[in-house]
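# no letters, just coordinates:
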């Protein structure tokens, strides 16, 4: 029998903890957010939309989380590289549509392995990133 | 000034209560489910995937909820009408793809107005419907 | 630090072994096949098209493998359930397009956990299934 | 009987040789890559993803190879022409989505005729191009 290397994945309980922490941070900041968590395969694991949050941010939150897992980095790290004249110009055309501004952050296990990602959307990219980061911090705590 | 009729919507707190009740019912039945809640506009409001639930049921749970709100009826009510030779044959081609087997159930307020829907996927359509129904019951309670 | 449950995934070396075994089986049977392997997340891991194999089978082989992983069963097991009047009629409309006839088979590790899937396309569904099965057998050996 | 001009195509054996050489080059450089080979018709012929390579690079590797064959030039040659104000601005919108940064390289036969292309993705565009080029060199050798 072939041995298969193990990897890790985020659980539903962990994903819900991430959502709760992100929503709490958004509430503290007076923001209305959509927050999505994807698993190690980039598939949707959990999602919550605060009452009154932008409808257009549902899709963006999910795409930010997915973009972040697909490249194992904050979604906003891709933005400068995707500008006109830069090395990854128009990378957003791949993978059915990426979002390359901030708000997506990878979730890592204790060994630094990416096991999923969180995406937040509903305000400025900086605020979105802060809300996503609060979710990631709750995962690690 | 035109007066605009008020409408009702499902809140995040209510959506989370629906998810919790559906997941509890699935656990009681020994099933692994994906559960989605859409709002009065048919847009994703909340989502949870139990650990080990089928990856293919993410999309189906969301489509069942959406189908149910789009036509204000259980998704399975459309199935018989969508068969070959029946009045709504191939309605699944509309709206970016519908799911017309059971597992999607409308959420109604006290006056019977549809304010959203829940969709469950992960087992037989009958089990999926039961899990979705448990979520709806929690909303009304 | 949160502990994360481990899961498993198919390696490139294993995926290539699966492809080689499927192509060998197709050659024995005098068939021309497209063969795809997806990983635990349903993402493409390896692919090969034999010279002269149907171009239309590229997409079908990949969708069969993906369908098989999305529902952790042979793709053909969904077929009878997806017929008119049956419980999962038109499930193919979900997940961006499924294939529900034979030719996709899950890859399981020693404990029975699904860690990926193989899809073959290029002949009859029965032949496709046999070629995919040969790949799975090589994984387990 | 109309005579039809013969064309050349990359074989499965050649495509596998290209993949092996690209993966070897990536390993030498300490990189994790997705590598795709398309045939003379721009259709997927062979694909391999190294363990741990970015999931988002599956699609990009395939699109780079396809872009390269569609225009019979390295994918990166299109980049400067696709910038704002330049002659091919937004060409990425065509053909279901192109990638115009480096990492796709045409495969030519002995007479200089393009018979396919290789695409690599997983690092910087310069590294991706080097890995793709190593695959092309193995074809010609």
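On my side now, so go ahead. If you're wondering where the values come from, they're calculated on a predicted model, not measured in any experiment.

# can you verify my assumption that residue A:41 contacts residue B:55?
Yes. Under the criterion of Cβ atoms under 8 Å, residue A:41 makes contact with residue B:55 at 7.1 Å. All C-beta atoms are positioned from the backbone trio N, CA, C, and that covers glycine.

# hey, what's in contact with both of those two?
Common contacts of residue A:41 and residue B:55 (Cβ atoms under 8 Å, 6 or more residues apart in numbering or on different chains): C:41-42.

# what's the spacing between the nearest residue to residue A:91 once chain neighbours are set aside and residue B:125?
Nearest in space to residue A:91, with sequence neighbours left out and distances taken as Cβ to Cβ, 6 or more residues apart in numbering or on different chains, is residue A:82 at 5.1 Å. Distance of residue A:82 to residue B:125, given as Cβ to Cβ, to the nearest Å: 43 Å.

# swap in residue A:44?
Residue A:44 is 21 Å from residue B:125, where distance means Cβ to Cβ.

# which residues are in contact with the residue nearest to residue A:91?
Neighbour list for residue A:82: A:88-92, A:100 [criterion: Cβ under 8 Å, 6+ apart].

# between those, which is closest to chain C?
Nearest to chain C out of the contacts of residue A:82 is residue A:91 (Cβ to the nearest Cβ; 17.5 Å).

# how about the strands in chain A?
Under the criterion DSSP state E, strands of chain A are mapped to A:6-8, A:34-38, A:44-49, A:104-108, A:114-121.

# for those strands, which one sits closest to residue C:27?
Nearest to residue C:27, of all the strands of chain A, is strand A:6-8, at 33.3 Å by Cβ to Cβ.

# against residue C:40, how distant is whatever residue of chain A ends up closest to chain C?
Nearest residue of chain A to chain C, counting by Cβ to the nearest Cβ: residue A:41, 2.1 Å away. If you measure residue A:41 against residue C:40 using Cβ to Cβ, the figure is 6 Å.

# which one's more surrounded, the two?
Shown here are residue A:41 and residue C:40; by other Cβ atoms under 10 Å in any protein chain shown, residue C:40 has more neighbours (24 against 21).

# surely that one meets residue C:9?
Yes. The pair residue C:40 and residue C:9 passes the contact test of Cβ under 8 Å, sitting 4.4 Å apart.

# quick one: mean pLDDT for stretch A:67-79?
Per-residue pLDDT over stretch A:67-79 has a mean of 97.

# so is stretch A:9-28 next to chain C?
Yes. Using Cβ under 8 Å from any Cβ of the partner chain, stretch A:9-28 reaches chain C at A:9-11, A:14.

# out of those residues, which comes closest to chain D?
Out of the residues of stretch A:9-28 next to chain C, the member with the shortest distance to chain D (by Cβ to the nearest Cβ) is residue A:9, at 13.5 Å.

# just to revisit the earlier point, buried deepest among the strands of chain A, which one?
Mean neighbours per residue, mean count of other Cβ atoms under 10 Å in any protein chain shown, is largest over those for strand A:34-38, with a mean of 33.

# who's in contact with the closest residue to chain D within chain A?
Nearest residue of chain A to chain D (Cβ to the nearest Cβ) works out as residue A:70 at 2.9 Å. Listed by Cβ under 8 Å, 6+ apart, the contact set of residue A:70 reads A:42, A:95, A:98, D:54-57.

# need those residues in a markdown table (columns: neighbour count and pLDDT).
Conversion of the contacts of residue A:70 to a markdown table gives the following (neighbours: other Cβ atoms under 10 Å in any protein chain shown; pLDDT from 0 to 100):
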| residue | neighbour count | pLDDT |
| --- | --- | --- |
| A:42 | 20 | 96 |
| A:95 | 21 | 96 |
| A:98 | 25 | 96 |
| D:54 | 21 | 97 |
| D:55 | 22 | 97 |
| D:56 | 26 | 97 |
| D:57 | 28 | 98 |
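
# residue B:116 is nearest to which of the strands of chain A?
Checking the strands of chain A against residue B:116 by Cβ to Cβ gives strand A:44-49 as the closest, at 11.4 Å.

# report whether the closest one contacts chain C.
No. Against chain C, strand A:44-49 shows no contacts by Cβ under 8 Å from any Cβ, the least distance being 11.6 Å.

# does that strand reach chain D?
No. On the criterion Cβ under 8 Å from any Cβ, strand A:44-49 is out of touch with chain D, staying 14.4 Å away.

# that strand pairs with which strands, and in what direction?
According to DSSP bridges, strand A:44-49 forms sheet pairs with strand A:34-38 (antiparallel), strand B:44-49 (antiparallel).

# give me the low-pLDDT residue ranges for chain A?
Residue ranges of chain A with pLDDT under 70: A:1-7.

# looking at it, which helix is longest?
When chain A is scanned for its longest helix (criterion: DSSP state H), the result is helix A:12-29.

# that helix - contacts with which helices or strands?
Under the contact definition 3 or more Cβ pairs under 8 Å, 6 or more residues apart in numbering or on different chains; DSSP states H and E, helix A:12-29 sits against strand A:34-38, strand A:44-49, strand A:114-121, helix A:125-140, strand B:44-49.

# sorry, back to before: closest one to residue B:111 among the strands of chain A?
Nearest to residue B:111, of all these, is strand A:44-49, at 23.9 Å by Cβ to Cβ.

# contact residues of chain A facing chain D?
Within reach of chain D by Cβ under 8 Å from any Cβ, chain A has these residues: A:5, A:41-42, A:67, A:69-72, A:84-85, A:87-91, A:93-96, A:98.

# among these, which ones are in helices?
Per DSSP H, helices hold the following members of the residues of chain A next to chain D: A:67, A:69-71.

# ok, those residues vs residue D:63, which is closest?
Lowest distance from residue D:63 to these (Cβ to Cβ) belongs to residue A:70, with 13.7 Å.

# nearest residue to the closest one in space, please, no chain neighbours.
Distances taken as Cβ to Cβ, 6+ apart place residue D:56 nearest to residue A:70, at 2.9 Å, with adjacent residues excluded.

# which ones are touching that neighbour?
So residue D:56 contacts A:67, A:70-71, A:94-95, A:98 (Cβ under 8 Å, 6+ apart).

# and what of residue A:58?
With contact set as Cβ under 8 Å, 6+ apart, residue A:58 has these partners: A:34, A:47, A:49, A:121, B:43-44.

# try 6 Å
Contact analysis of residue A:58 by Cβ atoms under 6 Å, 6 or more residues apart in numbering or on different chains lists A:34, B:43-44.

# residue A:27 now?
Residues near residue A:27 by Cβ under 6 Å, 6+ apart: none.

# quick one: residue A:62 and residue A:36 touch, right?
Yes. Using Cβ atoms under 6 Å, residue A:62 is in contact with residue A:36, at 4.5 Å.

# residue of chain A closest to chain B, please.
Chain B sits closest to residue A:47 of chain A, with a gap of 3.9 Å, by Cβ to the nearest Cβ.

# identify the bridge partners of that residue.
Taking DSSP bridges as the rule, residue A:47 bridges to residue A:36, residue B:47.

# burial of residue A:72, as a residue count?
Neighbours of residue A:72 (other Cβ under 10 Å): 16.
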